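J.: Sequence isn't available, so here's the structure alone:
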């Protein structure tokens, strides 16, 4: 399967935010190195899967806030990612909530790298 390294990198970012299994500095480095569209997609997926009433939302969304607080350039990166043409393609064809994490990462990375 193509793009295994990129998929592992994306899964590590998603898992780091979801599970809190990375130090903030590690997560920040991974996010800084990632494609802006990928980060935008990952943040969108997380927001869709962790609404305020989700039992884990405080921790997961708290890590998103911490990531943004520790990295002022993140807002610009997210804005750049939002402008990627693949965002419109995704929004027309898919819904974040309908995709499980692994399928979501596979789909996004294949599109971004393909």
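T.: Perfect, I can see it now. From a predicted model like this one, the values you see are computed outputs, not experimental measurements.
J.: check contacts around residue 61.
T.: Residues in contact with residue 61 (C-beta atoms under 8 Å, 6 or more residues apart in numbering) are 46, 47, 50. (Each C-beta comes from the backbone N, C-alpha and C, glycine too.)
J.: Report the buried members of these.
T.: By neighbour count, with 16 or more other C-beta atoms under 10 Å, these hold 46, 50 as buried.
J.: With pLDDT and distance to residue 103 added, can I get the contacts of residue 61 in TSV?
T.: Shown next, in TSV, are the contacts of residue 61 (pLDDT from 0 to 100; distance: C-beta to C-beta, whole Å):
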residue	pLDDT	distance to residue 103
46	96	15
47	95	18
50	96	17
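J.: from the contacts of residue 61, which is closest to residue 112?
T.: The nearest member of the contacts of residue 61 to residue 112, counting by C-beta to C-beta, is residue 46 at 17.4 Å.
J.: which stretch of helix or strand covers the closest one?
T.: For residue 46, the enclosing helix or strand under DSSP states H and E is helix 36-49.
J.: Find out how far stretch 19-37 is from the centre of the chain, if you would.
T.: 9 Å (C-alpha atoms, centre = their mean, to the nearest Å).
J.: Pull the residues that contact it.
T.: In contact with stretch 19-37 (C-beta under 8 Å, 6+ apart) are residues 9-10, 12-13, 15-17, 39, 59, 63, 66-67, 70-71, 73-74, 77-78, 80-81, 84, 86-87, 112.
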